[in-house]
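Chemist: Structure of the sequence below:
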Amino acid sequence: MTAVNNHFAGVNLTPAFLSPPIETIAKMATEPEPSSDVLKLTARMSRGDEAAYHEFYDLYFDRLLRYLLVVTRGREEIAHEALQLAFVRTARHVRTFDSETAFWNWLAVVARNCAADELRKRNRQQSLLARFFHQRPADADLKGGGECEQLLKLLEKEMAGLPEDERALIEGKYLAEKTVRSLAGERQMTEKAMESRLLRIRRKLRAAILGQLKNETTD
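Modeler: As a prediction, the model looks like this:
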């Protein structure tokens, strides 16, 4: 089980807000069943059998990816990110299922939740980028675009390189949507001091992202 969890990066389950057409779900649910016996497979998975997780991965990778491409309306990067989350959540929450249809319906809910979480994350990141570059976030994250994806990747890269406390502040304010007051209280600072610190970190991130863009342009 440890190896499986190390292979995928996980987050908590949250309610979904994306619902593919019912005919799409029905079509996917009636596709040919995987060759493995689902009752035995899920029983082994629920006991933490690592070989069973590898078998599950091989059996369901393509099918779940196709489903997530429908859910995300063709956004491949988000679909792949959501797929990785879905495998982690499956590892954490799987139970024994006595039919492939029941197992697939459960997997579809898990996968849809993961897509919803990934989309919310992207929207929050876009809002942060909008503060850097004084532009309005996209009306719908699903529209996206190559330039936006490039900026999001640079944002993730530069945030990962921040000192731990600075990264925690940015993630707390813009991704977890904590208030300035709550962040200031956690660190025993005034709200004004917290605002100033957030501004300094934003400016640092913006300069780093612009520097990366400039380097890529001149390469």
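Chemist: what helix or strand does Ala208 sit in?
Modeler: helix 191-218 (DSSP states H and E).
Chemist: Against which helices or strands is that helix packed?
Modeler: helix 100-133, helix 146-160, helix 164-170, helix 180-186 (3 or more C-beta pairs under 8 Å, 6 or more residues apart in numbering; DSSP states H and E). In this view, the C-beta of every residue, glycine as well, is placed from N, C-alpha and C.
Chemist: For that helix, buried residues please.
Modeler: 194, 197-198, 201-202, 205-206, 208-209, 212 (16 or more other C-beta atoms under 10 Å).
Chemist: Okay, angle between it and helix 100-133 too, please.
Modeler: If you take axes from the mean of the first three to the mean of the last three C-alpha atoms, to 10 degrees, helix 191-218 sits at 100 degrees to helix 100-133.
Chemist: Show me which of the buried residues of helix 191-218 has the smallest pLDDT value.
Modeler: Across the set of the buried residues of helix 191-218, Gln212 stands lowest in pLDDT, at 77.
Chemist: wait, it sits on Leu155?
Modeler: No: taking contacts as C-beta atoms under 8 Å, Gln212 lies outside contact range of Leu155: 10.0 Å.
Chemist: Domain-wise, how is this structure divided?
Modeler: The chain is divided into the following domains under automatic domain parsing: 8-118, 145-218.
Chemist: Could you point out which of the helices and strands packed on helix 191-218 sits nearest Ala82?
Modeler: Closest of those to Ala82 is helix 100-133, at 4.1 Å (criterion: C-beta to C-beta).
Chemist: Spatially central residue for this structure, please.
Modeler: By C-alpha atoms, centre = their mean, the chain has its centre lying nearest to Glu118, at 3.3 Å.
Chemist: any idea whether Lys178 is helix, strand or coil?
Modeler: Secondary structure, DSSP: H, G, I helix; E, B strand; the rest coil: Lys178 is coil.
Chemist: can you tell me how far it sits from Gly172?
Modeler: 5 Å (C-beta to C-beta, to the nearest Å).
Chemist: Next, count neighbours for Glu177.
Modeler: 10 (other C-beta atoms under 10 Å).
Chemist: My read is that it contacts Lys121, right?
Modeler: No: counting by C-beta under 8 Å, Glu177 does not reach Lys121; the two are 11.3 Å apart.
Chemist: Just give the nearest non-adjacent residue to the residue in the chain sticking out farthest from the centre, would you?
Modeler: Largest separation from the mean C-alpha position in the chain: Thr190, at 32.8 Å (C-alpha atoms, centre = their mean). Excluding its sequence neighbours, the residue lying closest to Thr190 (C-beta to C-beta, 6 or more residues apart in numbering) is Ala184, at 6.2 Å.
Chemist: for that neighbour, what are its contacts?
Modeler: Counting by C-beta atoms under 8 Å, 6 or more residues apart in numbering, Ala184 makes contact with 190-191, 193-194.
Chemist: and which of the residues you listed is nearest Val94?
Modeler: Met194 (41.5 Å).
Chemist: And the closest one, how close does it get to Arg122?
Modeler: Met194 is 26 Å from Arg122, by C-beta to C-beta.
Chemist: Any regions of the chain where pLDDT drops low?
Modeler: 1-36, 131-149, 216-219 (pLDDT under 70).
Chemist: isn't Thr90 right next to Val109, touching?
Modeler: No: at 10.9 Å, Thr90 and Val109 do not qualify as touching, with contact defined as C-beta under 8 Å.
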